[in-house]
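Colleague: generate coordinates for the sequence data below:
(chains A and B)
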Amino acid sequence: MAQYDTLDHDVLIIGAGGAGLRAAIEAASMGARVGVVCKSLLGKAHTVMAEGGVAAAMANVDDRDNWRVHFADTMRGGQYLNNWRMAELHAKEAPARVRELEAWGALFDRTPDGRILQRNFGGHRYPRLAHVGDRTGLEMIRTLQDHGIHRGLDVYMECTVVRLLKDGDRVAGAFGYDRERGRFRLWRAKAVVLATGGIGKSFRITSNSWEYTGDGHALAYDAGAELVDMEFVQFHPTGMVWPPSVRGLLVTEGVRGEGGILLNREGRRFMFDDIPENYRAQTADNEEEGWRYVIGDKTARRPPELLTRDHVARSIVREVREGRGSPHGGVFLDIAWIKRRLPNAPEHIRKKLPSMYHQFKELADIDITAQPMEVGPTTHYMMGGVRVDGDSQMSTVPGLFAAGEVAAGLHGANRLGGNSLSDLLVFGKRAGEFAARFAQERPAVRVDEREADAAIHEALAPFERPSNGAHGPYQIQDELQDFMQDLVGIVRNEADMRRALERIDRLRGEASRVAVSGHREYNPGWHTALDLRCMLIVSEAITRAALERKESRGAQFREDFPEKDPEYARFNIVVRKGSDGRMELDRRPIPALPAELAAVIEEMK
Amino acid sequence: MVSEVLKPDLAEPGRVQEKAPPDRKPEPTGRATFKIWRGDATRGELVAYTTHVSEGMVVLDAIHQIQAEQANDLAVRWNCKAGKCGSCSAEVNGMPKLMCMTRLSDLDLTKPVTVEPMRAFPPLRDLVTDVSWNFEVKRSIAPFTPRPPDAPDGTWRMAQSDVDRVQEFRKCIECYLCQDVCHVLRDHQMHDRFIGPRFLVYAAALEMHPLDVADRVPALKEKHGIGYCNITKCCTAVCPENITITDNAIIPLKERVVDEYFDPIGRLVKIFSRKSVR
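Modeller: Next comes the predicted model:
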């Protein structure tokens, strides 16, 4: 049997995006010996891609903002399926987490009086997103990284975890391999924090990179933890659609925050055509008012382009399906039009949206200060994930924590833009803190070497199989992405999803027979073969949960059940591994809101 | 509601796509050959692969296609595929580039396109190099050290103009192409004496940070080897974020070193103002 190194930590963090790094910093500050495993190089995780900003009710731009408004906005955006305790903590603690970043060196854009500037974003009642042009995520991850490297963390770059280890009911560490040499590693730890991000790679059109194969979701599931809200996959309304090689690449909501408007091929601003009832009172009903909102008129209501992402994405799909789309199957997003309102518009656009300007210029030959962009929905974010305790972020497995995108609860049925960066700060910190505390209070763990041997055997099996020709790991991944996109995408129905389940089942068989060539040193074919398992678990969970929810709410749209059903507002759908190894579903009632939070929601209606 | 004001711009919605921009060659179609360096720490060679190409493709797309169809084990780093993470650095036809931002329409596809790993770092496998030295260097630079907060609530006040000056440096995506092209590192292999343009930019971002009070000038002169840079500006030329590395970061730092160590009047002023130069 192959050799492996054993490494000891109090707290092991799996994932080094914003949530993982924030958790690591917190755990280290409490004296824990912290290991951080990252699938890529340090500082390359997808937090880097976050553009628009981090939501925190600091009230620097509009003094009417406070945690109560942010809480109510988050709950409304999530269609009240949110874990309300997480929504409360998030709204209360986000401002302190953002200020803390400034103390660690982050430089946000400023207000005229020198404080942190905040911008408008979809679903947020007031300007709330602290930002740095349109590269906020880079600023955040670099700040956390540069602060973190002086905190005594052991960072394991380019390592992938293939299974969690347990000591009885408790989590006891993780087992994985390094990409560089293909050597195996066993990390023994008293507490483990999952911060692995999302699942976008299960779909064809996505803003996510190769890493986002749902590893944390699948590892937690296999370790016996519960997943929740898996039916809610966020399709961001504005991804690039042309040229084909950049299809799915994100176009920040910040474009709309700065005044960008959506138009169909007839030049009609279609977002005015359908404004949902629960947002009507706070949405502009004419263009003039929408523009006044953009330039900071506090008496104006926000333009309909800044409605929640689920609604905007569906409106775009409607325009395209009804034949009013752009030449390459999207719609037009126009920011250049603001030149009619602002004297120095091109300069303003380049200043506020520098990376969008750069991205379209370089990759699509479009000058966004002069021409409209073509955009369409792209798989962007997973609301669903590991079910955790709102305060501690611990899963249903003792010692196993989760934070950021891999954890569920804060966002309910739909996430508001800007709430993910604040999510990873608030709950990254909490997960790190509670994981360190858990490790301090518990005795050492023991790991069973047979588990490591089994993991090695499983990981090396693809090298020992005879090649099955054209159906290699990439072809299986492609097939999964194609049918998940077509059958379990933005518009869903029972028949399609039943077919998806059959195909997942068949692909699982093929994945278990997949062969790879070459050797273990930095072999992406092998890595892809091992990632398939996670992608299949996640895809099945999404499909089963989406079948179970026979209604349309938030990010889930069922054409066979196009309306919201109040009955489905009463529970979350939980997924877990049954004792027979098959996936089980459960309807978990949502606990009643405490009176003071219920009053906040009522007051903000 | 139809936007009357906007209609003229969108009279022919497809128009913007059909017009070929003047500064680009026509979009490639058909097949092209890529000579990709395959090997490990000890040896390697260029291996030719032919694959189909289509509109809008970048070099990384071609690499992925070859990986999926012909060479499953072809090693390459990448993440965002949008020029934001700085993972897919390589040398395309000898030029340090991000593969995800290098359009095939900008290359001459009548000849094979060579794709090699960054040469300033030890090769690991195929297009992947060992860049761990960069992570060690960063840790050797004195971290951010803020002045006490300006307001009772623990926050600071900064002018946008002061922030703007540093934000240019903070755009850096750590692709290390500037390190790759720097002859001090690439040709003279002085990794133990010179931190390279990336980390001079990093030091400049800290030194010019409106809140930072640490002094990195002595370390820049002694430990970080700023004197080895002789301002050939190769780093600036390859920066995919268009950071004016030499003029805006390195030269001002060199000036600080000169002011502190080689300006006699400055030295006297410092002695009399009781500020140590060491």
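
Colleague: spit out the contact partners of residue 141.
Modeller: Here I'm looking at chain A. Contact analysis of residue A:141 by C-beta atoms under 8 Å, 6 or more residues apart in numbering or on different chains lists A:17, A:18, A:21, A:43, A:45, A:47, A:48. For glycine as for every other residue, the C-beta is placed from the backbone atoms N, C-alpha and C.

Colleague: I was after chain B.
Modeller: Listed by C-beta under 8 Å, 6+ apart, the contact set of residue B:141 reads B:195, B:199, B:202, B:203, B:206, B:216, B:219, B:224.

Colleague: where does it fall, secondary structure wise?
Modeller: Under the assignment given by DSSP states H and E, residue B:141 is not contained in any helix or strand.

Colleague: related to what we said a few turns ago, so which of the contacts of residue A:141 reach chain B?
Modeller: A:43, A:45, A:48 (C-beta under 8 Å from any C-beta of the partner chain).

Colleague: so, low pLDDT: which residues of the chain?
Modeller: I went with chain A, as the question did not name one. Low-confidence regions of chain A, defined here as pLDDT under 70, cover residues A:1, A:468-470.

Colleague: my bad, chain B
Modeller: Residue ranges of chain B with pLDDT under 70: B:1-27, B:266-267, B:270-271, B:273-278.

Colleague: quick one: the helices in it?
Modeller: If DSSP state H is used as the criterion, the helices of chain B fall at B:15-18, B:59-69, B:132-139, B:160-170, B:177-181, B:183-186, B:196-207, B:217-221, B:234-238, B:251-261, B:264-272.

Colleague: just put those helices in a markdown table and tack on distance to chain A and mean neighbour count.
Modeller: Putting the helices of chain B into a markdown table (distance: least, C-beta to the nearest C-beta, whole Å; neighbours: other C-beta atoms under 10 Å in any protein chain shown) gives the following:
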| stretch | distance to chain A | mean neighbour count |
| --- | --- | --- |
| helix B:15-18 | 5 | 15 |
| helix B:59-69 | 4 | 21 |
| helix B:132-139 | 5 | 16 |
| helix B:160-170 | 4 | 17 |
| helix B:177-181 | 14 | 27 |
| helix B:183-186 | 18 | 19 |
| helix B:196-207 | 8 | 25 |
| helix B:217-221 | 15 | 19 |
| helix B:234-238 | 15 | 20 |
| helix B:251-261 | 18 | 16 |
| helix B:264-272 | 27 | 11 |
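
Colleague: nearest to residue A:35, of the ones you listed?
Modeller: Using C-beta to C-beta as the criterion, the shortest distance between residue A:35 and these is 15.7 Å, found for helix B:132-139.

Colleague: quick one: that closest one to helix B:196-207, angle?
Modeller: Between the direction of helix B:132-139 and that of helix B:196-207, the angle (axes from the mean of the first three to the mean of the last three C-alpha atoms, to 10 degrees) works out to 20 degrees.

Colleague: name the helices or strands packed onto helix B:132-139?
Modeller: Helix B:132-139 sits against helix B:196-207, with contacts defined as 3 or more C-beta pairs under 8 Å, 6 or more residues apart in numbering or on different chains; DSSP states H and E.

Colleague: put the alpha carbons of the helix it packs on into PDB.
Modeller: Extracted in PDB, the C-alpha atoms of helix B:196-207 (Å, rounded to 0.1, in the frame of the first residue of the first chain):
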ATOM      1  CA  GLY B 196      11.800  40.900  -7.800                       C
ATOM      2  CA  PRO B 197       9.300  43.400  -9.300                       C
ATOM      3  CA  ARG B 198       6.200  41.700  -7.800                       C
ATOM      4  CA  PHE B 199       7.400  42.200  -4.300                       C
ATOM      5  CA  LEU B 200       8.700  45.700  -4.900                       C
ATOM      6  CA  VAL B 201       5.200  46.500  -6.000                       C
ATOM      7  CA  TYR B 202       4.000  44.800  -2.800                       C
ATOM      8  CA  ALA B 203       6.400  46.900  -0.700                       C
ATOM      9  CA  ALA B 204       5.400  50.000  -2.500                       C
ATOM     10  CA  ALA B 205       1.700  49.300  -1.800                       C
ATOM     11  CA  LEU B 206       2.600  49.100   1.900                       C
ATOM     12  CA  GLU B 207       5.000  52.000   2.000                       C
END
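
Colleague: pull the residues that contact it.
Modeller: Around helix B:196-207, the neighbours that count as contacts under C-beta under 8 Å, 6+ apart are A:105, B:134, B:137-138, B:141-144, B:166, B:169-170, B:172, B:174, B:176, B:178-179, B:182, B:184-185, B:195, B:212, B:214, B:216-217, B:220, B:224, B:226, B:229, B:235, B:243, B:245-246, B:248-250, B:252-253, B:256.

Colleague: re the thing from before, just put the contacts of residue A:141 in TSV and tack on neighbour count and secondary structure.
Modeller: What follows is the contacts of residue A:141, written out as TSV (neighbours: other C-beta atoms under 10 Å in any protein chain shown; DSSP: H, G, I helix; E, B strand; the rest coil):
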residue	neighbour count	secondary structure
A:17	33	coil
A:18	33	helix
A:21	34	helix
A:43	27	coil
A:45	31	coil
A:47	30	helix
A:48	28	helix
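
Colleague: ok, now which ones touch residue 74?
Modeller: Assuming you mean chain A. Neighbouring residues of residue A:74 by C-beta under 8 Å, 6+ apart: A:82, A:87, A:90, A:91, A:410, A:411, A:416, A:419.

Colleague: um, chain B though
Modeller: A:524, B:36, B:38, B:63, B:66, B:67, B:126, B:127.

Colleague: equivalent analysis for residue A:185, please.
Modeller: The contact partners of residue A:185, taken as C-beta under 8 Å, 6+ apart, are A:4, A:5, A:6, A:7, A:156, A:159, A:175, A:176, A:177, A:178.

Colleague: three-state assignment of it?
Modeller: Three states are possible here, and by DSSP: H, G, I helix; E, B strand; the rest coil the one that applies to residue A:185 is strand.
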